[in-house]
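# How does the following fold in three dimensions:
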Amino acid sequence: MQATVPPLQNTCFNSFDPMESKKTLPNLTVSTVKQTDQKNQTWEMNHARLTFAIETLIERDGIMPPVKIIAKEAGLSRQTVYEHLREFDQSTLYQNQLQAYRMLGAQVLAKLSTMALRGDVKAAKAFLGAIGGVYGQNTSTQETKPANYIQVNNSLKIDQLTFLNLPVPIQEQIGILIQEGIQAKPVTPNQINL
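This next block holds a predicted model:
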């Protein structure tokens, strides 16, 4: 039996109304793109539709959706979705988009350095990691501390990265369960079998 996923609210790609949702792509039609090349216009519109659909579905469901659901949400055929996913990173248009983002690198580093100098430790770590560490040392080769984790019944280890990759509702449920367990019956160190 195949589960069905209900369509998302306010994500119709044929008629965008910015007042309906905070997260929309207003006026996204081929006729509004001011380019003469129909192929580029189609590629850019498909890319925008797919990106928006995938992001929206992941935010809603917490997982990468199957191509069938992506196609339905984006209003494209499955064949078009498969083709675009297979070839988009080789596209000149996509490479141009990446170059435009790379141009922002210096501004991002400047903002990170400003935040770091004001005492933001996370910004300092990100900044130093981006520039290669202190005095040009490569931070990726420096010794790292072992990861902290929670072990449950000697069979399950959950580290911070695993926990943060769980969907937010599951993270919240785990937090509630742990809090309820702590309040119900605290365990003393003598009761722990190592």
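# Could you count how many residues lie near Thr56?
Using other CB atoms under 10 Å, Thr56 has 21 other residues around it. Where C-beta positions appear, they are placed from N, C-alpha and C, glycine not excepted.
# Check for me that it belongs to a strand.
No: remark: Thr56 does not belong to a strand; assigned using DSSP: H, G, I helix; E, B strand; the rest coil, it is helix.
# Any figure for the gap between it and Thr92?
Applying CB to CB, to the nearest Å, the value for Thr56 to Thr92 is 27 Å.
# ditto for Asn148
Using CB to CB, Asn148 is found at 45 Å from Thr92.
# same deal with Pro65?
27 Å.
# So between the two, which is more surrounded?
Pro65 (18 against 9).
# residues near the closest residue to the more buried one other than its chain neighbours, how many?
Of all residues not flanking Pro65 in the chain, Leu57 sits nearest, at 4.2 Å (CB to CB, 6 or more residues apart in numbering). Residues lying near Leu57 (other CB under 10 Å) number 22.
# Number of residues surrounding Ile150?
Around Ile150 there are 13 residues (other CB under 10 Å).
# same check, this time on His84
18.
# Also Ser91?
15.
# Which residue, neighbours along the chain excluded, lies closest to it?
Trp43 (6.5 Å).
# do Ala123 as well
Met115 (3.6 Å).
# what's next to the helix-or-strand element of the chain with minimal mean pLDDT, contact-wise?
Least confident helix or strand, the chain: strand 149-152 with a mean of 74, by mean pLDDT, DSSP states H and E. Under the criterion CB atoms under 8 Å, 6 or more residues apart in numbering, residues 157-160 lie in contact with strand 149-152.
# Walk me through which strands it pairs with, and which way each runs.
strand 156-159 (antiparallel) (DSSP bridges).
# one step back: dump the residue contacts of the residue nearest to Ser91.
Counting by CB under 8 Å, 6+ apart, Trp43 has contacts 84, 91, 93.
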